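Colleague: Here is a sequence together with a model predicted from it:
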Amino acid sequence: DTAVSQTPKYLVTQMGNDKSIKCEQNLGHDTMYWYKQDSKKFLKIMFSYNNKELIINETVPNRFSPKSPDKAHLNLHINSLELGDSAVYFCASSPWDRQNTEAFFGQGTRLTVV
Amino acid sequence: AQSVSQHNHHVILSEAASLELGCNYSYGGTVNLFWYVQYPGQHLQLLLKYFSGDPLVKGIKGFEAEFIKSKFSFNLRKPSVQWSDTAEYFCAVIGGATNKLIFGTGTLLAVQP
């Protein structure tokens, strides 16, 4: 009954490969996010979707492509992986209602590019 | 554009010491403010949040934070820390129409037994 679940938890891959990370939330939230946490623990927002619609797209290489098949899922596909993509990627969800908003985070996916 | 700054990057305290972590944000409109904690190897968990009303908010595990609008601050406090409070602490803010949740750079708290 995990609220926000990400798979896989660990991902080790070679440079140049293409990989996907999946995220699902069972909280009924409208908004979902992807964050990248680097080795210095800095959390940078990458994307945000509201009801399957992209609303935030930060300065992220276009090798990163989010996809939201429905409002409960937000997947992240990364093409041509580079060493600098190594990080922990967190998915989160929150209600859209500003009076009730609170982000719930998944366990994270530790991506290591070798 | 909104931003969040945390001035203390690394704090070391002994058990039972009092804690105050600074957080300042920049955004001129209505904001929602949060403190999250990340224990080693784990995901982020909400400690407390401020939306409106009483500027002194109490969260879990004895933490509290005070919203001072004139100073654009939302400092986190705990009167007596425990070894189990060792973690990374993140201040965050939501402002604007896109519900963009922005984090500060984090403060690593190490509590020595």
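Modeller: Good, I have the coordinates. Numbering: from 1, shown residues only, chains lettered A, B, ... in the order given.
Colleague: contacting residues around the closest residue to B:T86 other than its chain neighbours?
Modeller: Distances taken as C-beta to C-beta, 6 or more residues apart in numbering or on different chains place B:V111 nearest to B:T86, at 4.9 Å, with adjacent residues excluded. From N, CA and C alone the C-beta is placed, and that goes for glycine too. For B:V111, the contacting residues are B:I12, B:L13, B:S14, B:E15, B:A17, B:V81, B:Q82, B:W83, B:S84, B:D85, B:T86, by C-beta atoms under 8 Å, 6 or more residues apart in numbering or on different chains.
Colleague: Can you pick out the most distant pair from these?
Modeller: The most widely separated members of those, counting by C-beta to C-beta, are B:I12 and B:S84 (15.4 Å).
Colleague: dump the residue contacts of the residue nearest to the spatial centre of chain A.
Modeller: Nearest to the mean C-alpha position of chain A, by C-alpha atoms, centre = their mean, lies A:W34 at 3.0 Å. Listed by C-beta under 8 Å, 6+ apart, the contact partners of A:W34 are A:C23, A:I45, A:M46, A:F47, A:S48, A:P66, A:L74, A:L76, A:Y89, A:F90, A:C91, A:A92.
Colleague: hmm, the helix or strand of chain B with the lowest mean pLDDT touching chain A?
Modeller: One helix or strand of chain B scores below all others by mean pLDDT, DSSP states H and E: strand B:100-103, with a mean of 88. Yes. For strand B:100-103 and chain A, the contact criterion (C-beta under 8 Å from any C-beta of the partner chain) is met by B:K100, B:L101, B:I102, B:F103.
Colleague: can you give me phi and psi for the closest residue to A:L83 other than its chain neighbours?
Modeller: The shortest distance from A:L83 to any residue other than its chain neighbours is 5.3 Å, reached at A:V113 (C-beta to C-beta, 6+ apart). The phi and psi values for A:V113, taken as degrees, to the nearest 10, are phi -110, psi 120.
Colleague: Pairing-wise in the sheet, spell out the partners of A:V113.
Modeller: A:V113 has the following beta-bridge partners by DSSP bridges: A:T13.
Colleague: Would you mind listing what in chain A touches chain B?
Modeller: So chain A meets chain B at A:31, A:33, A:35, A:40-43, A:45, A:48, A:50, A:55-56, A:90, A:92, A:94, A:96, A:98-99, A:101-108 (C-beta under 8 Å from any C-beta).
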